[in-house]
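Asker: Give me a model of this one.
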Amino acid sequence: MNHHNHFVVQISQRHVTLAGAFLFLLIATGNLPADEKSGQVSAVDTSAPHTQQVALLKQFVKELVPITPGKGKFPKSFQMGSIKGQPAETPVHTVTLASDFWIGKYEVPQNLYQAVMGKNPSRWGGPRNSAEMFDWRIANQFCQKLTEMLRKASLISPDEEIRLPTEAEWEYCCRAGTTTVYSFGDEAQKPGDAGKLARLLDEYAWHTGNAAGNDPAVGALKPNPWGLYDMHGYLWEFVADPWHDNYKNAPGDGTVWGTGSPDSPRVVRGGAWTDRYDRLRSAFRTKVTPTTSSPALGLRCVKAKVKKSEN
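Answerer: Next up is the predicted model:
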């Protein structure tokens, strides 16, 4: 399969019409912020007052979920990969995470992306819709700029940073202590479901069986056991790691696996609204070039301590 063709999305009048209908549903159910119920879905203007920018930064920090491997409900180790999936998901191996971190409850929404980057490239506009249409390199720039802004606002400490999750951190958080195919169980389909229909998955994920070619507001569906939304579906999520064809010799401590070259393919995880249910499994992984952008591709941030140089 050509990995890049997967990210080409055809937009039709039907998609736009259904997107409008879905937006109306969000407005009617109160899932959009109050100032968006007028029907305006443009993201925050770059000329917005500094206080509004700070409010978005505070909201981002408030929506970070603490992950404490080895403490409370968080296991110290987990089994990464799957013997039931693709060869790229093997060998299944034990990962033991050494450090605490925080991860975004949601994928990065467009109002925050706009506040940090000064523009919103997303195709499916909405302030609390997940940001999309940027590549892996830009995703890292976003994390660096967000780090700087949060430090200046004294919302994180100087020894903390915002970054992409490592692939191991991502799967650990997606599984949320489970060993099943999905974080809610082994099956996506109910008896009688055929083709792309997956009614068990519908409650947790936007996928090709229930998405209308539009992006809803983040957090519209059920979270996983750790309170993280859209880990399955909605948008593919960038992680820090360069692509490896399998897990042979993968690190066992949850750190990023090498740096790769500037042009090395990068890992994306989680599946998207453009994907069938089987690509939304906790272990599923695929690759994109670092310059690939798509309306099915976004990011989720991690806050962590800056690793000290070994020099």
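Asker: use CA for all of it now, contacts and neighbours both
Answerer: Noted.
Asker: since we're on residue 280, how many residues are nearby?
Answerer: The number of residues packed near residue 280 is 27, by other Cα atoms under 10 Å.
Asker: Next: residue 55.
Answerer: Residue 55, neighbours per other Cα under 10 Å, totals 12.
Asker: Backbone dihedrals for it, please?
Answerer: phi -60, psi -40 (degrees, to the nearest 10).
Asker: which residues touch it?
Answerer: Neighbour list for residue 55: empty [criterion: Cα atoms under 8 Å, 6 or more residues apart in numbering].
Asker: quick one: it from residue 246, how far?
Answerer: 42 Å (Cα to Cα, to the nearest Å).
Asker: One more: residue 216?
Answerer: Separation of residue 216 from residue 246 (Cα to Cα): 33 Å.
Asker: same check, this time on residue 295
Answerer: Using Cα to Cα, residue 295 is found at 27 Å from residue 246.
Asker: returning to what we had before: neighbour count winner among residue 216 and residue 246?
Answerer: Counted by other Cα under 10 Å, residue 216 and residue 246 do not tie: residue 216 has more neighbours, with 25 against 16.
Asker: residue ranges of the strands in this structure, please?
Answerer: 64-67, 77-80, 93-96, 101-104, 160-163, 236-242, 266-269, 285-288, 297-298, 302-305 (DSSP state E).
Asker: now residue 290, nearest residue through space, not along the chain?
Answerer: residue 136 (5.0 Å; Cα to Cα, 6 or more residues apart in numbering).
Asker: What is the burial count for that neighbour?
Answerer: 26.
Asker: Low-confidence stretches in the stretch 101-250 of the chain?
Answerer: The stretch 101-250 of the chain contains residues with pLDDT under 70 at 213-215.
Asker: now the helices: where do they sit in it?
Answerer: 110-117, 136-152, 167-175 (DSSP state H, counting those that start in this stretch).
Asker: which of those helices sits most buried?
Answerer: Among the helices of the stretch 101-250 of the chain, ranked by average contacts under mean count of other Cα atoms under 10 Å, first place goes to helix 167-175 (a mean of 25).
Asker: now the angle between strand 236-242 and that helix, please.
Answerer: 150 degrees (axes from the mean of the first three to the mean of the last three Cα atoms, to 10 degrees).
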